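Asks: Here is my input; please provide its structure:
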Amino acid sequence: MFRTKLILTIACTCIGIGSWSTSGSSAELEKKSPDQFNGRDLFLHQWEPNDELSRKGDGLGPLFNGRSCVECHSQGGVGGAGDNTHNAQFLSFLPETGDFSDDGLKVFLGNLKGMHPDFVDKDDQFSLGVLLHRKSTNPDYAPIHERVTAEVPNDFNTRLRIRRMLRKRDIRGVDALPLNLVIFDQGLQYATAERNPPQLFGIDDIDKQIREADLKQLVETQKLSRTGVSGRMAGKFGWRGQMRSLDLFVKGACAIEIGLQVPEFHQTADPLRPEYELKGTDLNEKQISLLVNYVRELPRPERVMPTDDDAKALAIEGQNLFTAVGCAECHVTDVGSLKEVYSDFLLHDMGQQFEDPIPAEPKTETILQENMDVISSYHGMVRRKVTTELVRELAIEPEQHREYKTPPLWGVADSAPYLHDGRATTLRAAIEWHGGEAYSSFRRFSLLKEEQQFALLKFLETLKAPLSAEPAPPQKTETQVSNRSSTMPVQSR
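Replies: Numbering: from 1, shown residues only. Modelled structure (predicted):
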């Protein structure tokens, strides 16, 4: 889709690229030479194509979701969560059964690669999803992205085709309702999924103070649950627990979300120029070390109790109710030696309304090397050989499409929106979305008196972002962004 559209004449239009103003503390960055930048500077820096800080690379992009780290991590201060406009967007296809001939397999892989080069690797192994960046330094990208992500038309022929597809895959129509179906191309039905940027506060404590043995103990404890809670082991980072290394989590975000190539992860392949490959890196070892250390030094969230005695008593009552209704079974208060984190860092089936086209398949181990596959080593999606019976041999359990890692609730009062895709704008809405293994605790919450529900929410409102967090700089207006984007060069290195 992306490649074939290049033969068309597309009017070059300015892309609405999110940016941040250079007022206040960020203005200081413009006065520094590249050698004077520290980790904080790199976290706040607004990257440009062929950026002067990227001496052996091509700077921003070509594909990216934000110009800087802080653009996606600003709720509650520098290093916080992100809003819905900065969600990472994934494109997936819905595999169907079929008897593929050898030629049919080649056509299938060719169609996937034509939609996005990351779908198929050099060994002709496919993935069920790819990151679909929202922005590019090439203005031709925007109208194609818009066409690919347009919702499938609601007409008779479309509904009939989807109904046939669901019957072939033995999927009930009701189970497909949460899926966001988009383009149908070359016989393949695609769908999108989103992931909300998580907060980074206290992430070093999570890395260092929680051992794998601590999580295994929680798995064993939950096997005795009377409410259906049954967590599965995963990594501590990412909504699907797909990352076990914090350093790789940060490095991968640089390469994938901003387009800053590092030795371990190359930039995402550009659908408009699949042959393009950057030979150097955008960040050198010193810059990478400074940035990773800065993220590790971000302060941890805090419990901030009200000063009023009655309000304090209400928050304490709410904490007791939080445990009583079963929230603390997954949102465990203390894990390992880490206090008041409110998570078990395990994968849980969250129910039908959390159906996702991409299954949770966290790797048990990542072998560190240069130029790792971003699909399997960063996004946590398994590469597979295509077979004549595609669906039957996928070996994916239905619940894997509904599994997500329990997010830590510390700092939750300042990290809206909530849930993996940011669908819940309030804490109450986040609770009411809970299903699957969490349905019992939601049901108990719903049976509380209104004043008790209010108390529980007041407890959650005491879980604040760190008071010492640096305020995030304000975002630029769309007019400022468009004026700046219209002169943006396209990488030519």
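Asks: drop to CA atoms for contacts and neighbour counts, all remaining ones
Replies: OK.
Asks: Scan the protein for its longest helix.
Replies: Counting residues, the longest helix found in the chain (DSSP state H) is helix 309-324.
Asks: which secondary structure elements does the next helix or strand after that helix contact?
Replies: Per DSSP states H and E, helix 309-324 leads on to strand 347-349 as the next helix or strand towards the C-terminus. For strand 347-349, the packing partners by 3 or more CA pairs under 8 Å, 6 or more residues apart in numbering; DSSP states H and E come out as strand 403-405.
Asks: Following the chain past the strand it packs on, name the next helix or strand.
Replies: Counting by DSSP H and E, the next helix or strand C-terminal to strand 403-405 is helix 427-433.
Asks: ok, the residue nearest the centre of the chain - contacts?
Replies: The chain has Arg195 as the residue nearest its centroid, 3.6 Å off, counting by CA atoms, centre = their mean. Contacts for Arg195 were tallied using CA atoms under 8 Å, 6 or more residues apart in numbering; they are Asn87, Ala88, Gln89, Trp239, His420, Asp421, Gly422.
Asks: Find the nearest non-adjacent residue to the first one, please.
Replies: Distances taken as CA to CA, 6 or more residues apart in numbering place Asn196 nearest to Asn87, at 4.6 Å, with adjacent residues excluded.
Asks: related to what we said a few turns ago, now tell me what touches the longest helix of the chain from outside.
Replies: With CA under 8 Å, 6+ apart as the contact definition, helix 309-324 has outside contacts at 305-306, 328-329, 452-460, 462.
Asks: Helices - which of these land there?
Replies: Within these, residues falling in helices by DSSP H are Gln452, Gln453, Phe454, Ala455, Leu456, Leu457, Lys458, Phe459, Leu460.
Asks: And those, which of them are buried?
Replies: Buried positions within the ones in helices among the contacts of helix 309-324, assessed by neighbour count (16 or more other CA atoms under 10 Å), are Gln452, Gln453, Ala455, Leu456, Leu457, Lys458, Phe459, Leu460.
Asks: you'd agree the fifth one is up against Arg428?
Replies: Yes - under the criterion of CA atoms under 8 Å, Leu457 lies in contact with Arg428, with a separation of 7.2 Å.
Asks: Tell me how many other residues surround the residue nearest to Asn87.
Replies: Neighbour count of Asn196, defined by other CA atoms under 10 Å: 24.
Asks: need the helices for the stretch 101-250 of the chain, in chain order.
Replies: Under the criterion DSSP state H, counting those that start in this stretch, the stretch 101-250 of the chain contains helices at 102-115, 141-148, 156-168, 203-209, 212-222, 246-253.
Asks: Using TSV, please lay out the buried ones among the ones in helices among the contacts of helix 309-324 together with pLDDT and distance to Gly79.
Replies: Formatted as TSV, those follow (pLDDT from 0 to 100; distance: CA to CA, whole Å):
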residue	pLDDT	distance to Gly79
Gln452	98	33
Gln453	98	30
Ala455	98	29
Leu456	98	26
Leu457	98	24
Lys458	98	24
Phe459	98	23
Leu460	98	20
